[in-house]
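Peer 1: 3D, please:
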Amino acid sequence: MVRRDDAVAIAECRDEVAIRVRRAWESVQQHKAEPGESLSGSPDAMSKEPLPWIERIHNIELGVRIMPRGDKSAYTGKQKRKARHIEEGYRRKGLTESEAERRAWATVNKESGGGNKSGSGRGVPDTKVSSRKGGRLGGRASASRPAAARSASARTAAATRRRRKTKR
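Peer 2: Sure, this is the predicted structure:
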């Protein structure tokens with residue numbers, strides 16, 4: 001629950017961010033250059049397009065997490081399949097599509113060290129650290145249940161497998 005004081009503080013912070021973004025936009029407009037001209041003195045000296053720079057400031061000020069904008073062409077097919085599979089798992093757990101995608105690619109990057117399609121580092125083996133952690137957590141939860149409960153689950157699973165086998 002947000003108290004009135006907190007709500008006022010949040011509104012003031014939002015106003016401050018808006019003021020900073022407006023000032024930054026004006027600064028960029030003053031330093032705007034023609035194509036091929038130098039933007040010396042501008043905050044983002046190499047950019048002819050100020051908008052992404054303004055968005056970065058705005059998002060950093062607000063603490064917004066954004067999915068990286070890079071394309072996925074540097075990733076192998078296996079990495080893309082793995083990310084898709086992980087994303088589906090997060091979607092089944094009820095996460096939003098964007099958060100599930102962000103977490104899936106973060107997991108792939110952690111396990112494989114980023115895109116493995118070209119260049120150096122392609123022969124480095126994957127770590128599987130995230131998968132291992134998930135397996136350990138699941139095993140710990142199972143081990144903490146009473147033997148009777150585990151046995152009942154095993155019987156139910158066996159019955160389900162038998163039932164599905166006859167349908168095929």
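Peer 1: Any figure for the gap between Gly94 and Ala100?
Peer 2: 9 Å (Cβ to Cβ, to the nearest Å). (Glycine included, C-beta is placed from N, CA and C.)
Peer 1: Using CSV, write out every CA atom in stretch 106-119.
Peer 2: Output of stretch 106-119 as CSV, limited to C-alpha atoms (Å, rounded to 0.1, in the frame of the first residue of the first chain):
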residue,chain,number,x,y,z
ALA,A,106,19.4,-13.8,-19.7
THR,A,107,19.5,-17.6,-18.9
VAL,A,108,20.8,-18.5,-22.4
ASN,A,109,23.5,-15.7,-22.1
LYS,A,110,24.5,-16.9,-18.6
GLU,A,111,24.8,-20.5,-19.7
SER,A,112,26.5,-20.0,-23.1
GLY,A,113,28.2,-16.6,-22.8
GLY,A,114,26.1,-14.9,-25.5
GLY,A,115,25.9,-15.5,-29.2
ASN,A,116,28.1,-18.4,-30.4
LYS,A,117,27.6,-18.2,-34.1
SER,A,118,30.8,-16.6,-35.2
GLY,A,119,34.3,-15.6,-34.1
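Peer 1: Quick check on Lys117: phi, psi?
Peer 2: phi -70, psi -40 (degrees, to the nearest 10).
Peer 1: Helix or strand next in line after the least confident helix or strand in the chain by mean pLDDT, which one?
Peer 2: Least confident helix or strand, the chain: helix 51-62 with a mean of 59, by mean pLDDT, DSSP states H and E. Moving toward the C-terminus from helix 51-62, the next helix or strand (DSSP states H and E) is helix 77-92.
Peer 1: which parts of the next helix or strand after that following helix are buried?
Peer 2: Heading C-terminal from helix 77-92, the first helix or strand you meet, by DSSP H and E, is helix 97-112. Under the neighbour-count criterion of 16 or more other Cβ atoms under 10 Å, helix 97-112 has Ala100, Glu101, Arg102, Arg103, Ala104, Trp105, Thr107, Val108, Glu111, Ser112 buried.
Peer 1: check contacts around the fourth one.
Peer 2: I take that to be Arg103. By Cβ atoms under 8 Å, 6 or more residues apart in numbering, the contact set of Arg103 is Ile86, Glu87, Tyr90, Leu95.
Peer 1: Could you list the domains of this protein?
Peer 2: Domain assignment for the chain by automatic domain parsing gives 4-62, 77-167.
Peer 1: Worst mean pLDDT among these?
Peer 2: Set side by side, those give their lowest mean pLDDT on domain 4-62, at a mean of 61.
Peer 1: Of the buried residues of helix 97-112, which pair is most distant in space?
Peer 2: The most widely separated members of the buried residues of helix 97-112 are Ala100 and Ser112, with 18.5 Å between them, by Cβ to Cβ.
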